[in-house]
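**Q** What follows is a predicted structure for the sequence shown.
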Amino acid sequence: MNKEIVINLNELDKYLQKINLVFPTENVLNQKIDIESVLNYYRNSSVVYSFIHSYKGSYHLALNYDGIFNKQGFFAQLNEIIELINLSNVKNVLELGCGKGFNSVFLAKKLPQIEFSGIDISEKNLKIAKSKSNRIQNLYLTYGDFQKLDFEDSSFDLIFDVEAICHGSDARQVLSEVFRVLKKGGQFVVYDGFRQNGFESLPDNLVEAAVIVEKSMSVNSFEEIDSWLEMAGHVGFKVKLKKDLSQYVKPNLAKLQLLARKYFEFPFLAKLFVRIFRKYTMLNCIAVLLLPFTMYNKAHCYYKIILEK
Ligand SMILES: C[S@@+](CC[C@H](N)C(=O)[O-])C[C@H]1O[C@@H](n2cnc3c(N)ncnc32)[C@H](O)[C@@H]1O
């Protein structure tokens, strides 16, 4: 099997058909994602993440700036956040959707003089995160919804998100809440997936693939990048940085897609696999199979954004 990433749109219909042979995507396309679906997703897909993707509990894509997959890429977002913290007068930091604690635990250990907080709605993920942070004095992890932050106004110097706020159902609400709890001059750093501008005018098969990717990852729909930035402006933020990092997640996506393609080569085995590991394993495989098509044909993108209050 060709080990190169497959992104050519001529191949997309073939893969959509293969997927449909194993798992009818009609149900996926019509699914409405809410907090309960997000919780179910993380309750049920943690096995897949642990085996094939998640390095030391990280739940995000590696950023490989040299174009070659390397596990150090899982720390790239964090090293950039450290640089930013060191450049500014930051005393306290909040992570939205801290998952199993990979980011906050790493940062709190590296920067013991800074107070870190992390929130997540998944008790399962939080339990794992807390088990890693037992002896870390400058890290406080707690249950919390980023759409309804349980913190006083102007509490934090820096708030960050790595691939969590895409799960929100109300982007304006998230931005307003972050704006409220940031101090004046504070920064909101985002590494996340978005829809490219002009999404609606893409070919039908690409839009279908993109919606399948989103729903399979328990995202109701990614925000269109410029609409989201405009929303941030209305909330009161200034855009300090907008950087398209899509090409740097390619090595990680290539690795994941190769695994998923192997899986869909044998529909009978794949069906058996779904019976044993249930629906969520399948959804993860579908997402990573199609994501390279949508990411490199201008449907999806991966951005680093810095907003300032
Ligand atoms: C892809 S994981 C990323 C975890 C972590 N940021 C990382 O990079 O490893 C997304 C996390 O966001 C959490 N999440 C989803 N919706 C949330 C919400 N409304 N409030 C807080 N956390 C949420 C999920 O439970 C999950 O742990």
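**A** Sure thing, it's come through.
**Q** what bridges to the closest residue to A108 other than its chain neighbours?
**A** For A108, ignoring the flanking residues on the chain, the nearest one in space by CB to CB, 6 or more residues apart in numbering is L139 at 3.9 Å. Using the backbone N, CA and C atoms, a C-beta is placed for each residue, glycine as well. Beta-bridge partners for L139, by DSSP bridges, are F116.
**Q** Now name the helix or strand holding the residue of the chain most remote from its centre.
**A** What lies farthest from the middle of the chain is F268; by CA atoms, centre = their mean that is 30.6 Å. Secondary structure from DSSP states H and E places F268 in helix 267-277.
**Q** ditto for L12
**A** According to DSSP H and E, L12 maps onto helix 9-22.
**Q** Next: C98.
**A** Judged by DSSP H and E, C98 forms part of no helix or strand.
**Q** ditto for the one 10 residues further on
**A** Using DSSP H and E, A108 maps to helix 102-110.
**Q** got the CA positions of that helix in CSV?
**A** Extracted as CSV, the C-alpha positions of helix 102-110 are listed here (Å, rounded to 0.1, in the frame of the first residue of the first chain):
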residue,chain,number,x,y,z
PHE,A,102,-0.9,16.5,29.0
ASN,A,103,-0.6,20.3,28.4
SER,A,104,-1.2,21.7,31.9
VAL,A,105,0.9,19.2,33.7
PHE,A,106,3.8,19.8,31.3
LEU,A,107,3.5,23.6,31.6
ALA,A,108,3.1,23.6,35.4
LYS,A,109,6.2,21.5,35.8
LYS,A,110,8.2,23.7,33.5
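**Q** That one: which residues count as buried?
**A** Neighbour counts over helix 102-110 (16 or more other CB atoms under 10 Å) mark 102-108 as buried.
**Q** do stretch 288-298 as well
**A** 288-297.
**Q** in this structure, which helix or strand is least confident?
**A** helix 267-277 (a mean of 69; mean pLDDT, DSSP states H and E).
**Q** quick one, phi psi at the nearest residue to L39 once chain neighbours are set aside?
**A** Distances taken as CB to CB, 6+ apart place S122 nearest to L39, at 6.0 Å, with adjacent residues excluded. Torsion angles at S122 (phi, psi; degrees, to the nearest 10) stand at phi -90, psi 110.
**Q** So E95 lies in a strand, does it not?
**A** Yes - the assignment for E95 by DSSP: H, G, I helix; E, B strand; the rest coil puts it in a strand.
**Q** just checking, it touches G118?
**A** Yes - E95 lies in contact with G118 (CB atoms under 8 Å); the separation is 4.2 Å.
**Q** quick one, strands of the stretch 101-250 of the chain?
**A** Assignment of strands within the stretch 101-250 of the chain using DSSP state E, counting those that start in this stretch yields the ranges 115-120, 139-143, 156-162, 182-195, 238-244.
**Q** Could you report the neighbour count for S201?
**A** If you count neighbours by other CB atoms under 10 Å, S201 ends up with 7.
**Q** Same check on L272?
**A** 11.
**Q** for G198, same thing?
**A** G198, neighbours per other CB under 10 Å, totals 11.
**Q** now swap in the one 10 residues further on and tell me
**A** Burial of E208 is recorded as 18 neighbouring residues (other CB under 10 Å).
**Q** pLDDT score for it?
**A** pLDDT, E208: 96.
**Q** give me every residue that touches it.
**A** Neighbouring residues of E208 by CB atoms under 8 Å, 6 or more residues apart in numbering: 16, 25, 29.
**Q** what's next to stretch 228-239, contact-wise?
**A** 171-172, 175-176, 179, 188, 194, 223, 242, 305-309.
**Q** Generate JSON lines for those residues, with neighbour count and pLDDT as supplementary columns.
**A** Putting these into JSON lines (neighbours: other CB atoms under 10 Å; pLDDT from 0 to 100) gives the following:
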{"residue": "A171", "neighbour count": "19", "pLDDT": "98"}
{"residue": "R172", "neighbour count": "15", "pLDDT": "98"}
{"residue": "L175", "neighbour count": "24", "pLDDT": "98"}
{"residue": "S176", "neighbour count": "17", "pLDDT": "98"}
{"residue": "F179", "neighbour count": "18", "pLDDT": "98"}
{"residue": "F188", "neighbour count": "25", "pLDDT": "98"}
{"residue": "F194", "neighbour count": "23", "pLDDT": "98"}
{"residue": "E223", "neighbour count": "22", "pLDDT": "98"}
{"residue": "K242", "neighbour count": "14", "pLDDT": "98"}
{"residue": "I305", "neighbour count": "21", "pLDDT": "98"}
{"residue": "I306", "neighbour count": "19", "pLDDT": "98"}
{"residue": "L307", "neighbour count": "25", "pLDDT": "98"}
{"residue": "E308", "neighbour count": "15", "pLDDT": "98"}
{"residue": "K309", "neighbour count": "20", "pLDDT": "98"}
